[in-house]
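>>> Fold the following, please.
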Amino acid sequence: MRSFLLNFLIFLSLTVSLQGCETLNNSKPDEFANLDAKGLHQKAKAAMDAENYQKAIKLYETLEARYPFGDYAAQTQLNIAFAYYKNDDPETAIASADRFIKIHPRHPNVDYAYYLKGLINFNRSIGFLERFLPTDSSQRNPTNVKEAYANFELLTRRFPNSKYTPDAKQRMIALRNNLAMYEVHVARFYLKRKAYIAAANRGSYVIKEFQRTPAVPHALRVMEQAYTKMGLHVLAADAKRVYQQNYADGLPETEFKETTFIHRVWSFFGFDQ
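All right, here's what the predicted structure looks like:
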């Protein structure tokens, strides 16, 4: 009986081994096996130019795995981050950019890694639907907006002479306006729910922290309404006076709209919510 069991186990192990060998023999050969570092780099660049980002990622990762200390190593890591960004994988793109910054803190192109992080979060703050339909991004969760602003702020502070700094500063203006208007949305939310103290405090916060943004006049109007509801007529009059002195011609270009994305969609299809 023992002899039978032993022979059976030997037979079983040989069968598994043969199946494994057959699987290895049938595996797809490495299509990049004959390419050296330069060849991999050229093919990866061609894939990027053709906007075939998945192929570019595969090529760059192969290049990095085979030649981790080669001439193309640093640039490859940066290109991988960009390829992931273009391939709609923001988390991996940011992780790749962070890795580049950690490994190459003094690299001549490290400023681009900081800029890329800001760009990724900037686009994440826009959202998918806003690329195709007119929505108000200031009504969305500002987490990515704050991240993008912090990324660009760090870039402009550490690399004031970077070629990416002018663009980063322009984006920071838009992001700051967005953050300010988000606070106004919150203040209006409190106002609707008769939380007048919270509404007035939010409006005051906008005045103090986001001066010279389009949100300021809206914040003043919220403060005036909140103070009036609380019976604080002196404070309400002060808010109204400041508004009239600085915004005699009315609110800035785009009137504040309380409508959300879903309201616009319903209106578009002729429904009244």
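>>> Mean pLDDT per helix and strand in the protein: which one sits at the bottom?
None of the helices or strands of the chain scores lower by mean pLDDT, DSSP states H and E than helix 261-268, at a mean of 38.
>>> Look at the residue lying closest to Lys86 once chain neighbours are set aside and say how many residues are nearby.
The spatial neighbour of Lys86 that comes closest, neighbours along the chain excluded (C-beta to C-beta, 6 or more residues apart in numbering), is Tyr53 at 4.8 Å. For glycine as for every other residue, the C-beta is placed from the backbone atoms N, C-alpha and C. Neighbourhood size, Tyr53 [other C-beta atoms under 10 Å]: 18.
>>> how about Tyr53, what does it touch?
47, 83-84, 86-87 (C-beta atoms under 8 Å, 6 or more residues apart in numbering).
>>> between these, which has the most around it?
Most neighbours among these, by other C-beta under 10 Å: Ala83, with 26 neighbours.
>>> what sits up against the host helix or strand of that one?
Using DSSP states H and E, Ala83 falls within helix 73-86. When contacts are taken as C-beta under 8 Å, 6+ apart, the neighbours of helix 73-86 outside the stretch itself are 41, 44, 48, 51, 53, 56-57, 60-61, 63-64, 67, 90, 92-94, 96-97, 99-100, 103-104, 107, 109, 112-113, 116, 119-120.
>>> Mind giving me the ChimeraX command for buried ones among these?
To isolate the buried ones among the contacts of helix 73-86 in ChimeraX, judged by 16 or more other C-beta atoms under 10 Å, type:
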select :41,44,48,53,56,57,60,61,63,64,67,90,93,94,96,97,100,104,107,112,113,116,119,120
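>>> Spatially central residue for the chain, please.
Taking C-alpha atoms, centre = their mean as the criterion, Asn121 is the residue nearest the geometric centre of the chain, at 1.9 Å.
>>> That residue contacts Leu154, doesn't it?
No: using C-beta atoms under 8 Å, Asn121 is not in contact with Leu154, being 11.8 Å away.
>>> Listing request: residues of the stretch 51-200 of the chain with sub-threshold pLDDT.
Counting by pLDDT under 70, the stretch 51-200 of the chain contains low-confidence residues at 126-141.
>>> State the distance from Pro105 to Ala113.
With distances taken as C-beta to C-beta, to the nearest Å, Pro105 is found 10 Å from Ala113.
>>> And the helix or strand where Asn144 lies, what does it pack against?
Mapping Asn144 onto the secondary structure by DSSP H and E places it in helix 143-158. Here helix 143-158 is seen to pack against helix 110-126, helix 165-192 when contacts are counted using 3 or more C-beta pairs under 8 Å, 6 or more residues apart in numbering; DSSP states H and E.
>>> can you dump the C-alpha coordinates of the helix or strand just after the longest one into CSV?
Next along the chain after helix 165-192, taking DSSP H and E as the criterion, comes helix 196-209. What follows is helix 196-209 as a C-alpha-only set of coordinates in CSV (Å, rounded to 0.1, in the frame of the first residue of the first chain):
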residue,chain,number,x,y,z
TYR,A,196,-27.7,82.9,10.5
ILE,A,197,-24.7,83.0,12.8
ALA,A,198,-22.9,80.4,10.7
ALA,A,199,-23.9,82.1,7.5
ALA,A,200,-22.5,85.5,8.7
ASN,A,201,-19.3,83.8,10.0
ARG,A,202,-18.7,82.2,6.6
GLY,A,203,-19.3,85.5,4.8
SER,A,204,-16.9,87.2,7.2
TYR,A,205,-14.3,84.5,6.5
VAL,A,206,-14.5,85.2,2.8
ILE,A,207,-14.0,88.9,3.4
LYS,A,208,-10.9,88.3,5.5
GLU,A,209,-9.2,85.4,3.7
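>>> Tell me the gap between helix 196-209 and the middle of its chain.
Relative to the centre of its chain, helix 196-209 is centred 27 Å away, using C-alpha atoms, centre = their mean, to the nearest Å.
>>> which helices and strands sit right next to it?
Using 3+ C-beta pairs under 8 Å, 6+ apart as the contact test, the elements touching helix 196-209 are helix 165-192, helix 215-230.
>>> So which elements touch the shortest one?
Just to be clear, that refers to helix 215-230. Helices and strands in packing contact with helix 215-230 are listed as helix 165-192, helix 196-209, helix 233-246; criterion 3+ C-beta pairs under 8 Å, 6+ apart.
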